[in-house]
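Participant: Return a 3D structure for these sequence lines:
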Amino acid sequence: WRDTLRMLQVHNAFEYLEQHFIKVKLTSKKLHDEIIRVFHIVSYELDSKEGFQYDEKYLSACGRYKELEFKLPQTVKELSLWATILHNCMFGYSNRIHRQQSVIYGVFKNEELLYAVEITNFSIVQAKAVSNGVVPDGDMSVIRGWKSNYLLVM
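Facilitator: Just a heads-up that it's a prediction; the model follows:
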């Protein structure tokens with residue numbers, strides 16, 4: 001729900017909901033999924049060709065670490081695609097990424113997107129698997145090792 005509430009902080013969020021929201025039987029999951037659906041629509045209405053700008057330290061952390069590969073999304077459209085693959089609402093972070101308040105890394109294994117890792121101030125805020133699931137301990141250990149090697153606190 002923290003992620004869903006962050007989406008509602010986006011400029012004009014309630015206007016977007018008013019334009020695109022479809023009434024659903026009220027359960028927390030259905031409400032969450034409907035809010036995500038609306039913001040997927042909105043993400044494509046935004047300038048999805050606009051690229052993200054990253055601090056050089058974040059860019060230099062991209063690449064392979066042990067069996068995982070860490071990538072940064074280059075556009076809102078790519079971030080939205082990753083959110084669709086992982087069935088989560090990371091695309092709602094596009095404004096935070098543009099304002100350089102957060103960075104989202106896609107974590108891949110054998111070229112398959114498995115996880116998303118949110119970094120703020122060079123610290124891991126969250127790491128999530130499909131549908132905001134828990135990252136297995138072994139891979140979480142690799143993610144922490146990658147962060148320690150590439151994203152030291154400034």
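Participant: Please tell me how far the spatially most central residue of the chain sits from Leu152.
Facilitator: Centroid check for the chain by C-alpha atoms, centre = their mean gives Met90 as the closest residue, at 2.9 Å. Distance of Met90 to Leu152, computed by C-beta to C-beta, to the nearest Å: 24 Å. Yep, even glycine has a C-beta here, placed from its N, CA and C like the rest.
Participant: What of Glu112?
Facilitator: Distance from Glu112 to Leu152, by C-beta to C-beta: 28 Å.
Participant: shaky segments in this structure?
Facilitator: Within the chain, the ranges that satisfy pLDDT under 70 run 1-25, 37-38, 40-50, 153-154.
Participant: Compute the number of surrounding residues for Pro125.
Facilitator: To be clear, residue 125 is Val; Pro isn't right here. Val125 has 13 neighbouring residues, counting by other C-beta atoms under 10 Å.
Participant: ok now the helix or strand hosting it, how far from the chain's centre?
Facilitator: Assigned by DSSP states H and E, Val125 falls within strand 123-128. The chain centre lies 10 Å from the centre of strand 123-128; the measure is C-alpha atoms, centre = their mean, to the nearest Å.
Participant: Same question for it: list its buried residues.
Facilitator: In terms of neighbour count (16 or more other C-beta atoms under 10 Å), strand 123-128 has its buried residues at 124, 126-128.
Participant: same thing with stretch 27-35?
Facilitator: By neighbour count with 16+ other C-beta under 10 Å, stretch 27-35 contains the buried residues 32, 34-35.
Participant: Make TSV out of those residues and add distance to Ile85 and secondary structure.
Facilitator: Listed next are the buried residues of stretch 27-35 as TSV, based on distance: C-beta to C-beta, whole Å; DSSP: H, G, I helix; E, B strand; the rest coil:
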residue	distance to Ile85	secondary structure
His32	18	helix
Glu34	19	helix
Ile35	19	helix
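Participant: Please convert the buried residues of strand 123-128 to TSV, extending it with distance to Phe70.
Facilitator: Below are the buried residues of strand 123-128 laid out as TSV (distance: C-beta to C-beta, whole Å):
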residue	distance to Phe70
Ile124	12
Gln126	15
Ala127	11
Lys128	15
